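J.: Quick one, fold the following:
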Amino acid sequence: MPLKLFVFAALAILGSRPLPALPSLEEAVRSRQDVYGEAAMREPNGASYEFFEKILPPPRYVNADFHYYPIVLSAPNTKTKARLISNGSGVNLRAGSGLWNDNGTPVYFRVGPDQFLFGTSPERLQGEPTLAEGYLPIVELKYMHQTPIQAEGMVPLDQKRVERDSEVYRLEAFASTAPDLAENGVVFFKLSLHPGPLWLVSEQIY
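T.: Residues are numbered from 1 along each chain as shown. You can find the predicted model right below:
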């Protein structure tokens, strides 16, 4: 089944209903047609996650330590690929499972003076990973994290609590297309912040 169809199926919404008679997974893999995809699109409301969850094994990333699906970063047709964890927590993080081939240097992204791991609280992520300007192959993620009270150091005992807005951290990552860098899976990333105190602005190569 094409990946784009599976992603579409995961985003669609359909109430639970009996499944039609379908070939086994092994038969579907051997078929020259996308039999599951065609059957899903014939449903009254089209393809849905509920349709596929009963007939396909769970995605492998649920067995990895990072728990979020990885986004592949690489130049076209290169054998060495990096993976950006889709909640923004890092690049090339170790899966901790024999089902994965771990490549490259693991890099974690932390924000704020308390060095909080980017993406730890999913409700603070602003939307899904997106492409820069809507089409450029630069993955963008935004994450809200409030600077902890008293992070600036010693304060008076009678200090009054001041309500502050959360800072928004923006992560951008993309793979190099230069031949000598692409063959080694080199990834560039930039982590910036607005508004609030500029605790961290970083551009690194891994």
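
J.: What does residue 108 show for phi and psi?
T.: With angles defined as degrees, to the nearest 10, residue 108 sits at phi -100, psi 140.

J.: again with residue 181
T.: Backbone torsions of residue 181, given as degrees, to the nearest 10, read phi -90, psi -40.

J.: Residue 192 too?
T.: Given degrees, to the nearest 10, the pair of backbone angles that residue 192 has is phi -130, psi 170.

J.: so where is this protein shaky, pLDDT-wise?
T.: Along the chain, the model assigns pLDDT under 70 to residues 1-20, 57-61, 149-157, 159-163, 195-206.

J.: Nearest to the spatial middle of it, which residue is it?
T.: Nearest to the mean C-alpha position of the chain, by C-alpha atoms, centre = their mean, lies residue 86 at 0.8 Å.

J.: Now do the contacts for the closest residue to residue 89 other than its chain neighbours.
T.: Excluding its sequence neighbours, the residue lying closest to residue 89 (C-beta to C-beta, 6 or more residues apart in numbering) is residue 119, at 4.5 Å. To be clear about C-beta, it is placed using only N, CA and C from the backbone, and glycine gets the same treatment. By C-beta atoms under 8 Å, 6 or more residues apart in numbering, the contact set of residue 119 is 68, 85, 87, 88, 89, 109, 125, 141, 143.

J.: so is residue 119 in a helix, a strand, or just coil?
T.: Put simply, residue 119 is coil when judged by DSSP: H, G, I helix; E, B strand; the rest coil.

J.: I'd like to know how far it sits from residue 99.
T.: For residue 119, the distance to residue 99 equals 22 Å [C-beta to C-beta, to the nearest Å].

J.: Do you have the helices of the chain handy? List them.
T.: For the chain, the helices defined by DSSP state H cover 3-11, 25-30, 35-41, 49-53, 179-182.

J.: Would you mind putting the ones you listed into CSV with mean neighbour count alongside?
T.: Converted to CSV, the helices of the chain look like this (neighbours: other C-beta atoms under 10 Å):
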stretch, mean neighbour count
helix 3-11, 14
helix 25-30, 12
helix 35-41, 18
helix 49-53, 18
helix 179-182, 13
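
J.: Same list (those) but as a markdown table, adding distance to residue 173.
T.: Output for the helices of the chain, formatted as a markdown table (distance: least, C-beta to C-beta, whole Å):
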| stretch | distance to residue 173 |
| --- | --- |
| helix 3-11 | 19 |
| helix 25-30 | 32 |
| helix 35-41 | 30 |
| helix 49-53 | 27 |
| helix 179-182 | 14 |
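
J.: Of all the ones you listed, which one is nearest residue 115?
T.: For the helices of the chain, the distance to residue 115 is smallest for helix 179-182, at 28.6 Å, taking C-beta to C-beta.

J.: tell me what that closest one is packed against?
T.: Packing partners of helix 179-182 (3 or more C-beta pairs under 8 Å, 6 or more residues apart in numbering; DSSP states H and E): none among the helices and strands.

J.: re the thing from before, in the contacts of residue 119, which residue is surrounded by the most others?
T.: Of all the contacts of residue 119, residue 88 has the most neighbours under the rule other C-beta atoms under 10 Å, reaching 28 neighbours.
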